[in-house]
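Undergrad: Coordinates for the following, if possible.
(chains A and B)
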Amino acid sequence: DTEVTQTPKHLVMGMTNKKSLKCEQHMGHRAMYWYKQKAKKPPELMFVYSYEKLSINESVPSRFSPECPNSSLLNLHLHALQPEDSALYLCASSPAGSTNTEAFFGQGTRLTVV
Amino acid sequence: AQSVTQLGSHVSVSEGALVLLRCNYSSSVPPYLFWYVQYPNQGLQLLLKYTSAATLVKGINGFEAEFKKSETSFHLTKPSAHMSDAAEYFCAVRGRGSGYSTLTFGKGTMLLVSP
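TA: As a prediction, this is how the structure comes out:
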């Protein structure tokens, strides 16, 4: 199994809503990532988890709250988002501690904030 | 800081023609370089990677790339374009010395293939 599975595929939420994005992988990878991709732009790193601990937060606003409950799951909790947060949110995973392997990406969640 | 620059936001080719997508890197140490492809409304799929084992790297779907240190380049090529190759292509770099695979992407090149 070389898949990273993200749910839901599409999400529309209001600015007062609370929602969560979910990411799952069963490749035994111990590094997991959240990227944000605006339309016609490259992905930008948001968070990195290594061995279930937050290792990198790229100065992301607190309305985005990541969580890594176990080695296979990665969540992104959303609260009080703004319309400019509408984007494709990509999850990725890779072996931790390895320096020459690629990251495997999920299909993404298309988020629209209204 | 390491970075990559992709020349040309759009490249148009005819079906059967050579595909050449350009990527130049900036790095003070030998970099790890990747090419990813993204189809509309989908995630990123790895085409190929350079990890210093060989300068000519072959990937999936007939793509290959050559690492040229003297030119700081890692251009992506395919001898004959197919309609199904139409997509966004991203060059990316990650540095050594990190236990993660965090990637810095170029701005992307949209490949358009006409019949």
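Undergrad: For chain A, give me the ranges with low pLDDT.
TA: Chain A contains residues with pLDDT under 70 at A:1-2, A:98-100.
Undergrad: and the closest residue to A:Ala80 other than its chain neighbours, what is it in contact with?
TA: Of all residues not flanking A:Ala80 in the chain, A:Arg63 sits nearest, at 5.0 Å (Cβ to Cβ, 6 or more residues apart in numbering or on different chains). Just so you know, the C-beta spots here come from the backbone N, C-alpha and C atoms, and that holds for glycine as well. By Cβ atoms under 8 Å, 6 or more residues apart in numbering or on different chains, the contact list for A:Arg63 reads A:Leu78, A:His79, A:Ala80, A:Leu81, A:Gln82, A:Asp85.
Undergrad: Run through the residues that contact the second one.
TA: Right, the one you point to is A:His79. A:Asn17, A:Lys18, A:Arg63, A:Ser65.
Undergrad: now do 6 Å
TA: Residues in contact with A:His79, defined by Cβ atoms under 6 Å, 6 or more residues apart in numbering or on different chains, are A:Lys18, A:Arg63.
Undergrad: quick one, phi/psi of it?
TA: Note on A:His79: its backbone torsions stand at phi -150, psi 130 [degrees, to the nearest 10].
Undergrad: Just the buried ones from the contacts of A:Arg63?
TA: The neighbour count (16 or more other Cβ atoms under 10 Å in any protein chain shown) marks A:Leu78, A:Leu81, A:Asp85 as buried among those.
Undergrad: and of those, the nearest to chain B?
TA: The shortest separation between chain B and any of these is 18.1 Å, and it belongs to A:Asp85 (by Cβ to the nearest Cβ).
Undergrad: neighbours around the residue lying closest to that closest one once chain neighbours are set aside, how many?
TA: Excluding the flanking residues, the one nearest A:Asp85 by Cβ to Cβ, 6+ apart is A:Val113, at 5.2 Å. A:Val113 has 19 neighbouring residues, counting by other Cβ atoms under 10 Å in any protein chain shown.
Undergrad: for A:Val113, which residues make a bridge with it?
TA: Counting by DSSP bridges, A:Val113 forms beta bridges with A:Met13.
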